[in-house]
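Asks: Okay, predicted coordinates and the sequence, questions at the end:
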Amino acid sequence: MSKLPWELKDLTPVGLITVATNVVALHPSVPVNNMKEFIAYAKQNPGKLNYASQGNGSVSHIGTEIFKQQTGVSLVHVPYKGSGQAIADVLAGQVQVFMTTPPSVMQHIQAGKLKALAVTGKKRHAGMPQVPTMAEAGYPNFDLESWVALYAPAGTPAAAVDKLADAVKRGLDLPESKQRADQAGIEVRFVAQADMTKLLDRDIADWTQAIKAANIKLD
């Protein structure tokens, strides 16, 4: 068994079931049209661009700090308490950048009120098929996905875990499951126990390193 956070120590992984990407949304006043131009502009103007997050320690906060560490750009963090005011301030141009879930800003991107530079998952988002992934934009090492996984109590017999995983996978393969996931702006993606544990180990290591490097603390 992989070493898990204390919240999960009494659980047995069954499988990952859904993932959600994020989109790098930018105010139109920033004179760039793609990710490479944005990174070049940010490097030429260190500390002059602000980025929003849903709060200290949130996915958008940690994710953007990882982005900064990988690309070498300097962006100033502006934490909010949730997405609502963050989006309002990005739309107003008071904050220039927000890495957030596509459904929360998709209408503003489609209306031209925000630019979408890239999505941060492995695949393009169904609601914004014209927006490239970070890999397609030239940054294959940056990957930020939020995921939902299923766990059983620790000590559950392996045969029972396998049976449950098989039933879940068959359910996720149904067309209506994909349809409902698309409507929610997420992706159905079943990942079995062993690979899910590897994913968890990788994410814990990467996020721990990023949190320590950026000295991120919860409010």
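Replies: In hand now; what should we look at? Computed from a prediction, not measured in an experiment: that's the story for all the values here.

Asks: Reduced to three states, what does residue 60 come out as?
Replies: Following DSSP: H, G, I helix; E, B strand; the rest coil, we place residue 60 in the helix state.

Asks: and it, how many neighbours does it have?
Replies: Per other C-beta atoms under 10 Å, the neighbour tally for residue 60 reads 24. (Each C-beta comes from the backbone N, C-alpha and C, glycine too.)

Asks: again, but for residue 160
Replies: 12.

Asks: quick one: contacts for it?
Replies: By C-beta atoms under 8 Å, 6 or more residues apart in numbering, the residues touching residue 160 are residue 152.

Asks: host element of it?
Replies: helix 158-172 (DSSP states H and E).

Asks: Can you name the element that comes right after that helix?
Replies: helix 175-184.

Asks: Alpha carbons of that next one, in PDB - could you do that?
Replies: The C-alpha trace of helix 175-184 is given here as PDB (Å, rounded to 0.1, in the frame of the first residue of the first chain):
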ATOM      1  CA  PRO A 175     -23.300   6.500 -22.600                       C
ATOM      2  CA  GLU A 176     -25.500   8.300 -20.100                       C
ATOM      3  CA  SER A 177     -22.500   8.500 -17.600                       C
ATOM      4  CA  LYS A 178     -20.400  10.300 -20.200                       C
ATOM      5  CA  GLN A 179     -23.300  12.500 -21.100                       C
ATOM      6  CA  ARG A 180     -23.900  13.600 -17.500                       C
ATOM      7  CA  ALA A 181     -20.100  14.100 -17.000                       C
ATOM      8  CA  ASP A 182     -20.000  16.300 -20.200                       C
ATOM      9  CA  GLN A 183     -22.900  18.400 -18.800                       C
ATOM     10  CA  ALA A 184     -21.000  18.900 -15.600                       C
END
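
Asks: Could you list the low-confidence segments of the chain?
Replies: The model of the chain has pLDDT under 70 over residues 1-8, 219.

Asks: Which other helices and strands does the lengthiest strand in it contact?
Replies: In the chain, taking DSSP state E as the definition, the longest strand is strand 11-20. Counting contacts by 3 or more C-beta pairs under 8 Å, 6 or more residues apart in numbering; DSSP states H and E, strand 11-20 packs against strand 146-153, helix 158-172, strand 187-192, helix 193-214.

Asks: which of the ones you listed sits most buried?
Replies: Compared across the helices and strands packed on strand 11-20, strand 187-192 shows the largest average neighbour count, a mean of 18 (mean count of other C-beta atoms under 10 Å).

Asks: From the rest of the structure, what touches it?
Replies: By C-beta under 8 Å, 6+ apart, strand 187-192 touches 15-21, 121, 123, 165, 168-169, 172-173, 177-178, 181, 199.

Asks: Return the members of the residues you listed classed as buried.
Replies: Buried subset of these (neighbour count, 16 or more other C-beta atoms under 10 Å): 15-21, 121, 165, 169, 172, 181, 199.

Asks: what two of these are the furthest from one another?
Replies: 21 and 165 (23.8 Å; C-beta to C-beta).

Asks: Check the offset of the helix or strand just after the longest strand of the chain from the chain's centre.
Replies: Moving toward the C-terminus from strand 11-20, the next helix or strand (DSSP H and E) is strand 23-26. Distance, stretch centre to chain centre, for strand 23-26: 11 Å (C-alpha atoms, centre = their mean, to the nearest Å).
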